[in-house]
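> Got a predicted structure here, sequence first:
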Amino acid sequence: MARDDKNSAPFLISGGGIGGLVAAFALARQGFAVRVFEQSPEFREVGAGIQLGPNIFRALEKIGLKDAVLADAHRPPAQEMRDALTGKLITQVPLGPAFFERFGQPYAVTHRADIHGTFLKACQGSPLITLETSRRVDGFEQHADHVIVTLEGGERVEGRALIGCDGMWSGIRERIVGDGKPRVSGHIAYRAVLKRSEVPEDLWRPDVVLWAGPRTHFVHYPLRRGELYNLVAVFHSDRYEEGWNEVGSAELLWEHFKGQVPEVLRMLERIETWRMWVLCDREPVKEWSKGRVTLLGDAAHPMLQYLAQGACMATEDAVVLAEKVAATPNDLPAAFKAYEQARYLRTGRTQVMARVYGEFYHARGVTAELRELALAGRTPQQSYDGIAWLYGGPSA
Ligand SMILES: Cc1cc2nc3c(=O)[nH]c(=O)nc-3n(C[C@H](O)[C@H](O)[C@H](O)COP(=O)(O)OP(=O)(O)OC[C@H]3O[C@@H](n4cnc5c(N)ncnc54)[C@H](O)[C@@H]3O)c2cc1C
């Protein structure tokens, strides 16, 4: 039943990435009308993989999208970390029945285009959602009972509230939080996706495998029910560029990975074209709403990818936001405050811990030895206990 049939304006969403689409869908499920403005000429995601912890499935289950996301995904039997200089197994975490029993949800890996496509299809199926491309949000005004958004070209659109889902370089954040540009981590990710037939048979693994090297790491896992293979190589560098789809130079990559085990080098050799991400994040903040405007996903709490959680957190945000809005639909500033209060410690902890995990993956010398000592003797249950704060949520 639509709540917006009495001349009330729709929610306006800036950005149609994973966060914007799942927020639109979660709000529409609560009966609210939504308009999504995406600056690109089409709704699409870059070609790369994404890991999905059990916490995203807890959120997706609430909005009825869990099975659709799982349908295209691959379910890895285990995660393992290996030393990229010796090949030695550092730790292995089973992701099968014992994991499911502990967290009540699966672990999966999927193509970004697949999860984004699932959210897009869900939104297209809702009569309450309007999806608009080539529409860049350039500014906004707040009034007592509505907002006005200005689009590129000058058109003014009225809404009951604005949700900034405009990513790491959010212009809306600049007006709400005002903390300048994102922090450059000094790490760069190179990524590529291969067909299964392009991966040498002896190198293909069903697991999520992470090769930890000095100031580098390399991750690979299957995608799309095992038909594709995702590769991400990360190394230290001080480049800074906005966006995340540049072509990366292979020479630069080889400089950082030379001397690593043949399994790593043979896999890296398979790649003809790398796409590059300059990895950035921000310090966590406690407040990202002002009146009828709030932020969600990377716009609110951009994080490094070392816990594989940015899209998971955006999805959790969306579900909590829609619940808070449904609880006080006539007081949206209060609903947005309640949403941000429910979220900031969990997302802030994930931002901070992602940095720690990055240091851990890229350890050298004695620190690398200490990492091995800390992880080597762990039982699966101890590994699960260590990550339960993240995978066991969200509790709000
Ligand atoms: C290398 C790497 C690996 C990762 N791996 C994982 C993982 O395994 N698991 C995981 O959960 N997360 C992962 N992440 C994080 C995840 O990709 C992001 O957190 C997630 O995509 C953020 O979604 P978003 O919708 O908030 O922002 P974005 O995906 O950045 O979407 C923002 C959208 O807003 C649009 N936009 C921007 N400005 C405007 C404007 N003014 N007007 C209109 N539209 C606008 C953009 O065009 C874009 O479509 C990874 C990230 C990286 C870099």
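Here it is on my side, so go on. Bear in mind that the values here come from a model prediction, so they are computed numbers and not experimental data. Numbering: from 1, shown residues only.
> Now do Arg225 against Thr110, distance only.
Distance, Arg225 to Thr110, by Cβ to Cβ, to the nearest Å: 9 Å. C-beta coordinates here come from the backbone N, C-alpha and C atoms, glycine included.
> Flag the helix or strand of the chain with the lowest per-element mean pLDDT.
Least confident element among the helices and strands of the chain, by mean pLDDT, DSSP states H and E: strand 246-248 (a mean of 76).
> gap between the helix or strand that comes right after that one and the chain center?
Scanning forward in sequence from strand 246-248 by DSSP states H and E, the next helix or strand is helix 250-257. From the chain centre to the centre of helix 250-257 is a distance of 26 Å (Cα atoms, centre = their mean, to the nearest Å).
> Give me the residues contacting helix 250-257.
84, 190, 213, 215-216, 218, 233, 235-237, 264-265, 268, 271, 274 (Cβ atoms under 8 Å, 6 or more residues apart in numbering).
> What are the buried residues along it?
For helix 250-257, the neighbour count (16 or more other Cβ atoms under 10 Å) marks Leu253, His256, Phe257 as buried.
> Next one: the second one, what pLDDT does it get?
If you check His256, the pLDDT there is 93.
> And the first one, by the same measure?
pLDDT for Leu253: 89.
> Distance check, it against the ligand.
Distance, Leu253 to the ligand, by Cβ to the nearest ligand atom, to the nearest Å: 14 Å.
> Please apply the same query to the last one.
Taking Cβ to the nearest ligand atom as the measure, Phe257 falls 17 Å from the ligand.
> Could you confirm whether the least confident helix or strand of the chain reaches the ligand?
No - judged by Cβ under 6 Å from any ligand atom, strand 246-248 makes no contact with the ligand; its nearest approach is 11.8 Å.
> Now do that strand: everything it contacts.
In contact with strand 246-248 (Cβ under 8 Å, 6+ apart) are residues Ile188, Tyr190, Thr273, Trp274, Arg275, Met276.
> 10 Å - rerun?
Here strand 246-248 makes contact (Cβ atoms under 10 Å, 6 or more residues apart in numbering) with 188-192, 233, 239, 271, 273-278.
> show me where pLDDT drops low in the stretch 201-350 of the chain?
238-245 (pLDDT under 70).
> and it, which of its residues are near the ligand?
Contacts of the stretch 201-350 of the chain with the ligand, taken as Cβ under 6 Å from any ligand atom, map to 232, 244, 277, 279, 297-299, 305, 308-312, 314.
> rerun at 5 Å
By the rule Cβ under 5 Å from any ligand atom, the part of the stretch 201-350 of the chain lying against the ligand is Trp277, Gly297, Asp298, Gln305, Ala308, Gln309, Gly310, Ala311, Cys312, Ala314.
> which two in those residues are spaced the farthest apart?
Trp277 and Cys312 (17.6 Å; Cβ to Cβ).
> So between the two, which is more surrounded?
More neighbours surround Cys312 than the other of Trp277 and Cys312, with 27 against 21 (other Cβ atoms under 10 Å).
> Can you list the buried residues in whichever helix or strand that one is part of?
Using DSSP H and E, the element containing Cys312 is helix 310-327. Within helix 310-327, the residues that count as buried by 16+ other Cβ under 10 Å are 310-326.
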